[in-house]
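Peer 1: any chance you can model this:
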Amino acid sequence: MIGIIKAFVNNKNFGFIKGEDGKDYFFHLSDFENGVKSSSLIDGLEVSFDETANKKGYCAKKCKLINLSEISGYIVPGSFLECKFKGGKVDKVKGWDCVRRSDYVIMSMDRDPDIAKDILIERCKVVGANGMILLKRDSIRCSEAGLGSGTHYYTGHSFTAVPVFLAKKSANGSLTDEKIPDVSNLCKVLYDKMESEVSVRAAIRYSWYATIFLVLFFGYEKVNIYALIPAVIMFFLTPKSKDCWIIK
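Peer 2: Model (predicted):
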């Protein structure tokens, strides 16, 4: 009989074949002939097999791959995926392969944990990722100026994760290796850009501090006030280093 691999659980070495009769046949990796490896068994691949049955249901035996060379590419998940939160220890997403993994970590923080996580997901998408692993959440005590002379304390929720591109080989896949985004390189480019901007603007900030000192020390008469206008504008536009949300 001819059928198509419906699903294969790689770490358990078993799966199901949808036969041409419409029935689902259970198979184990050992049921394939010619020493087929688990890496060769992907969803949508056409196979031939002998149909059998036991008390548990229908089974496929003496399985053989057909037209293995027709595997064209990868399929990707239809939505952004993440590993389940287990203290940042899970480094894979069930049912998918991490075909591209970043050497950098993405971070986010907000008072609302849901907003903080949404920000994290959007930042992962910016670097071409369609999933994230090693998700970790922390609560941080933060402070800000109160309405009066006091200080207001609140809890900030911080998330970190490694962005990845998830996919798996399929006989029906249209995505090729060349078109898969290099998540790690995109992170590096953005990280270098952020670091450069922060360094330049920090230099402008310190120049502004020095200018204020000169005005106070020498007086307004000896300092060109109009020349300070660009520095004043840049001072208020200068972000703090916390705006760098990529960790090397």
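
Peer 1: tell me where this protein has strands.
Peer 2: 2-9, 14-19, 24-28, 46-54, 57-65, 73-75, 81-82, 97-101, 105-110, 131-145, 151-170, 246-247 (DSSP state E).

Peer 1: distance of the residue nearest to Thr176 when sequence neighbours are not counted from Asn130?
Peer 2: Spatially, and ignoring its direct neighbours in sequence, Thr176 is nearest to Gly73 (4.9 Å; CB to CB, 6 or more residues apart in numbering). Every residue, glycine included, has its C-beta placed from N, CA and C. Separation of Gly73 from Asn130 (CB to CB, to the nearest Å): 15 Å.

Peer 1: ditto for Ser38
Peer 2: Computed as CB to CB, the Ser38 to Asn130 distance reads 24 Å.

Peer 1: between these two, which one's more packed in?
Peer 2: Neighbour count, other CB atoms under 10 Å: between Ser38 and Asn130, Asn130 has more, with 22 against 16.

Peer 1: let me see the confidence value for that one.
Peer 2: Note on Asn130: pLDDT of 97.

Peer 1: that one against Leu175, yeah?
Peer 2: No: if you go by CB atoms under 8 Å, Asn130 and Leu175 don't touch, sitting 10.9 Å apart.

Peer 1: kindly point out which residues are neighbours of both of the two.
Peer 2: Common contact partners of Asn130 and Leu175 (CB atoms under 8 Å, 6 or more residues apart in numbering): Val76.

Peer 1: now for the residue nearest to Thr176, how many residues are close by?
Peer 2: A total of 18 residues lie near Gly73 under the criterion other CB under 10 Å.

Peer 1: look up how far Lys136 lies from it.
Peer 2: Relative to Lys136, Gly73 is positioned 32 Å away (CB to CB).

Peer 1: over to Thr155?
Peer 2: Thr155 sits 16 Å away from Lys136, going by CB to CB.

Peer 1: these two: which has the busier surroundings?
Peer 2: Set side by side, Thr155 and Lys136 show more neighbours around Lys136, with 16 against 10, by other CB under 10 Å.

Peer 1: that one pairs with what?
Peer 2: Thr160 (DSSP bridges).

Peer 1: residue ranges with poor pLDDT in this structure?
Peer 2: 68-72, 84-90, 146-149, 198-205, 207-208, 211-212, 214-243 (pLDDT under 70).

Peer 1: wait, doesn't Ala171 sit right on Leu45?
Peer 2: Yes: contact criterion CB under 8 Å: Ala171 and Leu45 qualify, at 4.7 Å.

Peer 1: pick out the residue closest to the middle of this protein.
Peer 2: Geometric centre of the chain, nearest residue: Pro163, 2.3 Å, by CA atoms, centre = their mean.

Peer 1: quick one, what contacts it?
Peer 2: Ser102, Tyr104, Ile106, Cys124, Val127, Gly128, Ala129, Gly131, Met132, Val183, Cys187.

Peer 1: nearest to Ala116, of the residues you listed?
Peer 2: Ile106 (11.7 Å; CB to CB).

Peer 1: tell me what that closest one is bridged to.
Peer 2: Residues in beta-bridge contact with Ile106 (DSSP bridges): Ala161, Ile246.
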